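J.: need the 3D shape of this:
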Amino acid sequence: MAVHVKKNDEVVVIAGADRGKRGKVIAVLTKQQRVIVEGEDETPVVEAPSAEPSPLGAVLSKEARAQVRDAIARLPVKYRVPLMLRYYSELSYGEIAQQLDVETNYVAALLFRAKQELRRKLAYGSM
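T.: Sure thing, here's the model as predicted:
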């Protein structure tokens, strides 16, 4: 029997490193049969598609990853979700556009603005 989850539902993560954490669904990924959940402390909780770190994650130190994760958590949801879909779930612009029901060009603009904002937050945090 399939369970249907929609945006803003309260859920408990049942797989991955964040198993047992509670949070609110901020995006439903129908094709991957996954959701992105915002945790109780408002940090995003996502199960990685594979156990191996992403190419970006392999390069960054543990401390730098924590700073990036905190900066991403402070982004507005409209920037955070596409950024996470692109770099954590490794979806293409077209796949993100389908998931969010928007145009591909809008995804590109959101990602551009998200990265600008992320750079600002990381530069400000390092001063």
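
J.: show me where pLDDT drops low in the chain?
T.: 1-3, 14-19, 30-33, 39-61, 125-127 (pLDDT under 70).

J.: ok, residue 77 - how many residues close by?
T.: 12 (other Cβ atoms under 10 Å). C-beta: built from backbone N, CA, C; applies to glycine.

J.: that one contacts residue 24, doesn't it?
T.: No: if you go by Cβ atoms under 8 Å, residue 77 and residue 24 don't touch, sitting 10.4 Å apart.

J.: find residues that contact each of the two.
T.: Listed as contacting both residue 77 and residue 24 by Cβ atoms under 8 Å, 6 or more residues apart in numbering are residue 38.

J.: does residue 6 sit in a helix, a strand or a coil?
T.: Classification of residue 6 by DSSP: H, G, I helix; E, B strand; the rest coil places it in coil.

J.: what's the neighbour count on the spatially closest residue to residue 94 that is not a sequence neighbour?
T.: Using Cβ to Cβ, 6 or more residues apart in numbering and skipping the chain neighbours, the partner closest in space to residue 94 is residue 104 (5.6 Å). Residues lying near residue 104 (other Cβ under 10 Å) number 14.
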